[in-house]
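A.B. asks: Provided below for reference: sequence and predicted model.
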Amino acid sequence: MPVIHTYASTPIPESARQTLKTTYGSAISSVPGKSETWLMCLFDENVPTYHGGTDHEPAAYVTVDVFAREAVPRSAWEAMTPVICDALASELGVNPARIYIKYGETANFGWNGMNF
């Protein structure tokens, strides 16, 4: 049950959402046992965002959460960071220096009226 939520200070055109969704779908396979099959992608655009006290350039905040009973290896997250940053730079013009990514895992995840 991976979820990738992108908050961007810029508009996110449909074409960019499609490209990001596809890129995220490939990148999530860095996490053991995860694939695009269960991936949910959320996009929030035009989010007022200050980075370093200013909002004069585009910025983005991304959360990546997965259902996992054991800790996800750091190497999985390290593999995803450049992929996410490169995609946001290419699709939305966000400088990677103005992108934060938060990774997390939880043993408690609900779906289809039940919990795993």
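C.D. replies: Alright, I've got the coordinates. Numbers count the residues shown, from 1 in each chain.
A.B. asks: Need the contact partners of the host helix or strand of residue 65.
C.D. replies: Per DSSP states H and E: residue 65 is located in strand 60-67. Contact with strand 60-67 is made by 1-10, 28, 31, 34, 47, 49, 72, 77, 80, 84, 88, 92, 94, 98-107, 109, 116, as judged by Cβ atoms under 8 Å, 6 or more residues apart in numbering. Where you see a C-beta, it was placed from the backbone N, CA and C, and this is true even at glycine.
A.B. asks: and that strand, which strands flank it?
C.D. replies: Strand 60-67 pairs in its sheet with strand 3-8 (antiparallel), strand 99-106 (parallel), by DSSP bridges.
A.B. asks: The helix or strand following that strand packs against which elements?
C.D. replies: Using DSSP H and E, the helix or strand that follows strand 60-67 in sequence is helix 74-92. In terms of contacts (3 or more Cβ pairs under 8 Å, 6 or more residues apart in numbering; DSSP states H and E), helix 74-92 is packed against strand 3-8, helix 14-27, strand 60-67, strand 99-106.
A.B. asks: Now render the ones you listed as CSV, adding distance to residue 39.
C.D. replies: CSV is the format used below for the helices and strands packed on helix 74-92 (distance: least, Cβ to Cβ, whole Å):
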stretch, distance to residue 39
strand 3-8, 7
helix 14-27, 6
strand 60-67, 10
strand 99-106, 14
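A.B. asks: Could you count how many residues lie near residue 116?
C.D. replies: Other residues within reach of residue 116, judged by other Cβ atoms under 10 Å, total 12.
A.B. asks: now residue 36
C.D. replies: Close neighbours of residue 36, defined as other Cβ under 10 Å, add up to 15.
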